[in-house]
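Participant: need a structure here:
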Amino acid sequence: MGFFGLNSEDYDGCSRLHHLRFTLPDGLFDKAVVIGNGDKVYFNPRSGPRAYFESIGHNYLPRQSAADYLSGCTGPNERRFAPGWSTVDAPSTQKALEEASRASRYHIDTMNALEKYRIHQTEERHDQEAFLMVVRDAGVRRKVFHP
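Facilitator: Numbers count the residues shown, from 1 in each chain. Prediction:
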């Protein structure tokens, strides 16, 4: 099980957290990714993994660390279902967990935001190209730094 955090300001950066707390410092990460057995089972707001997994029938035990809880949700040997839930109605396989994640409102919101961003980038491309033409026409060249 891996819990990764992503910051939208720098998607090149990714951190793996083993001793995770449910409350992370503000601004550290925007999104959280939980990976179980190589499949993405959660990619949503960093504040939501516990609530999300509880909403699909996984039980949180008192005094359980976030890392242990998320590991238990993704591991078949550690998985604990909430009262009234079982493998019949709660996602209990990696494939079912991934499908539940894709069906969640968080995933739909993320896909809508991504599409909105792509549209924005397309609309802005004309302005970017015009700026580059002005820079080229002005004879400005890139400065290359060589140590």
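
Participant: from here on, contacts and neighbour counts on C-alpha atoms
Facilitator: Noted.

Participant: how's the chain carved up into domains?
Facilitator: Following automatic domain parsing, one gets these domains for the chain: 2-103, 104-140.

Participant: out of those domains, deepest packed?
Facilitator: domain 2-103 (a mean of 16; mean count of other CA atoms under 10 Å).

Participant: re earlier: mean pLDDT for the domains of the chain: which is lowest?
Facilitator: For those, the weakest mean pLDDT is recorded on domain 2-103, namely a mean of 75.

Participant: Bridged to the residue nearest the centre of the chain, which residues?
Facilitator: Nearest to the mean C-alpha position of the chain, by CA atoms, centre = their mean, lies Phe43 at 3.0 Å. On the basis of DSSP bridges, Phe43 is bridged to Val33.

Participant: List the residues that contact it.
Facilitator: 31-34, 101, 106-107 (CA atoms under 8 Å, 6 or more residues apart in numbering).

Participant: where's Thr87 relative to Gly57, distance?
Facilitator: Separation of Thr87 from Gly57 (CA to CA, to the nearest Å): 9 Å.
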